[in-house]
Structure formats: C-alpha cells, structure tokens
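[1] Need a 3D model of the following:
(one chain, ligands or ions: 2)
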Amino acid sequence: MTQRHQLDLLDNAIDSLNEALTKYQQAKAGDVKAYKFCVLHLSHFLELVLKHYVTLAHPLLIYKNPFAKDFNDESLTIGLQEAINFLRNEGKDLSEQFLKDITWLKKLRNHIEHYKFDMEVADVEATIGRLVHAFVEFDQAHANMELDDLIDSGQYHLFLELANNYDMNLKKAENEVDDACRVNHDDPDFNVYHCDQCDHDTMIPDGDSETGYRCTFCGSEESGYMEVRCGLCDMPWNMWQMKYLDWTDNEDWMYVCPRCLGDPNYVKDD
Ligand SMILES: [Zn+2]
Ligand SMILES: [Zn+2]
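    Ligands and ions are numbered 1, 2, ... in the order given. Okay, here's the model as predicted:
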C-alpha cells in the first residue's frame, strides 16, 4: 500500500510537470491565459516531487504519523511545508531563493483558485525558469531521477530550455557587472555587492534605483551587504548591521550604526 502510494506520488508529479510544460508552450504561443494553468500544474508538481523526495528516506514518512497502528486512505499525509522542513532537517540544501519562489508560486496559485488572478507575465516567466532550474539542481545533487525518461519527449527540450535560461540570464548579468567594473575601475565609490535576494555578486550602482544600487540579475535594489552611511556619524557600514530608525520621532528616517547605538560589541569601553 505505501509502496503504491510512493509510486503514485512520482507519477502524479511528473504528470503535473508535463501538463505545466504543455501550458507554458501554449502561453508562449500567444494564449496568455495558459500561464495560469502552467502555474497551477507547476506548483502541484513541486509539492508532489518534494514529498516524493521525503519518501525516498522512508516510504512511511509520507504519513503525518508514521507510527500509527495501521494506515488507510483516510490517514493524514504530510503537507508541502512539512516536506520542506524534513528535507532541510535531513541536511539537504534548499536555497532561500528556491523557497521564496515556491512561496510566491503558492500564493499565486491561491489567488488563481479564488479568481483574483492578476500577474505580470515577465515575473511569471522568470519565476518559472528559476524554479525549474532550482529543481534540476536539487535533483542532481540529491536524487538524480532520470528526468529525460520521465518527461514527455516532446516537452523535454522546453524543460531544458527553461532550466538553462537561468544560466544564460546569469551569464548576461555577470557580463553586465564585468562591463561596469571596466568602465568604473578608477571610481573609488564604485562597488559590487552581494545580492542577498538571488545570492549572486551582481549588485552595482544604478542611477535609476532608489537605493542607488540594482542587481543586474534579479533587479533587487536592496541587499544587506550594501554599504550605507550612518545618519549620525556618516561612517559606512553593511546595511544588515544598521538599524533603520525614525531618530527624532519626526518622520526623520535614517540608518544608524551599531557604534552610535552603543552596541557593546562595537563600543570600546576603555
Ligand atoms: Zn539579485
Ligand atoms: Zn554612526
């Protein structure tokens, strides 16, 4: 029974993936509404495939209570969050971006299910690409399913394209950073920061950005690694070390450094 459950999971997961790819193709061909179904199927696929990975550790782990006396069709099974927790507890690497994208997709799915569907096609495409890429990376590192056999041969090409798009876009973003470095190599104020949204060293000065910086890969304008100046002493610190405060209670928001805040780790008391 549990053995069958396990096979069902993988079969259903792959069915959903194939469906998602078909819908993606239709959307790309001009039927924009098909993105909606692509999102639904892809999110279903990710949920099932992550549960499938859990059952690779032990088939009974699909149940909320693997110590129950017996199992039947009514036995409660784990949810997506529990699957993610288990894989992390097992020491499997699930990147912040991957988890964030899954959450985003889930939210989008809920909106679709409640007919409040509204999305930016560019966002949907970019996120689908990131998710497929992250899934392939995860699978290669941990399970190595034979994806080329599992995915419909007609869709496999598209699948690879989606996974590789990510690499191509990253290359493009890195080239943009290299170019900017070359042009600005004698500007002492030019910095490249690590982007904590997408985890790449792709944050460079950008005149149109509110923070003065933008990630050439994910477009984020903020990263904890960016240096900002303290509103009180004007010394530069990493953003993650600063507190953003309304210093005078007068809507006078500013970053304040740990030293000015009297943080004992930074204030020498000699
Ligand atoms: Zn980024
Ligand atoms: Zn300060």
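[2] Helices along this protein, start to end?
    Remark: helices assigned in the chain by DSSP state H are 2-28, 34-57, 80-89, 96-113, 121-142, 147-150, 153-183.
[3] looking at those, which is buried most?
    Mean neighbour count (mean count of other C-beta atoms under 10 Å) peaks for helix 34-57 among these, with a mean of 21. From N, CA and C alone the C-beta is placed, and that goes for glycine too.
[4] Name the surrounding residues that touch stretch 198-211.
    For stretch 198-211, the surrounding residues in contact (C-beta atoms under 8 Å, 6 or more residues apart in numbering) are 95-97, 170, 173-174, 176-177, 180, 184, 189-195, 212-218, 220-223, 225-226.
[5] actually stretch 142-155, not the one I typed
    The contact list for stretch 142-155, computed with C-beta under 8 Å, 6+ apart, reads 10, 14, 17-18, 21-22, 25, 53, 56, 92, 136, 139, 156, 159.
[6] Equivalent analysis for stretch 162-176, please.
    24, 128-130, 132-133, 136, 200, 202, 204, 215-217.
[7] ok, now stretch 42-57?
    5-6, 9-10, 12-14, 16-17, 20, 61-62, 77-78, 80, 83-84, 86-87, 90, 92, 102, 105-106, 108-109, 128, 131, 135, 142-143.
[8] Kindly recompute the last result at 6 Å.
    With contacts defined as C-beta atoms under 6 Å, 6 or more residues apart in numbering, stretch 42-57 is touched by 6, 9-10, 12-13, 16-17, 20, 61-62, 80, 83, 86, 102, 105-106, 109, 143.
[9] pull the CA atoms of that stretch into PDB?
    Extracted in PDB, the C-alpha atoms of stretch 42-57 (Å, rounded to 0.1, in the frame of the first residue of the first chain):
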ATOM      1  CA  LEU A  42       3.900  23.600 -11.700                       C
ATOM      2  CA  SER A  43       3.100  24.300  -8.100                       C
ATOM      3  CA  HIS A  44       1.300  21.000  -7.900                       C
ATOM      4  CA  PHE A  45       4.400  19.300  -9.400                       C
ATOM      5  CA  LEU A  46       6.800  20.900  -6.900                       C
ATOM      6  CA  GLU A  47       4.600  19.900  -3.900                       C
ATOM      7  CA  LEU A  48       4.400  16.300  -5.100                       C
ATOM      8  CA  VAL A  49       8.000  16.000  -6.100                       C
ATOM      9  CA  LEU A  50       9.300  17.400  -2.700                       C
ATOM     10  CA  LYS A  51       7.000  14.900  -0.900                       C
ATOM     11  CA  HIS A  52       8.400  12.200  -3.200                       C
ATOM     12  CA  TYR A  53      12.000  13.100  -2.100                       C
ATOM     13  CA  VAL A  54      10.800  12.700   1.500                       C
ATOM     14  CA  THR A  55       9.600   9.200   0.800                       C
ATOM     15  CA  LEU A  56      13.000   8.300  -0.600                       C
ATOM     16  CA  ALA A  57      14.200   8.400   3.000                       C
END
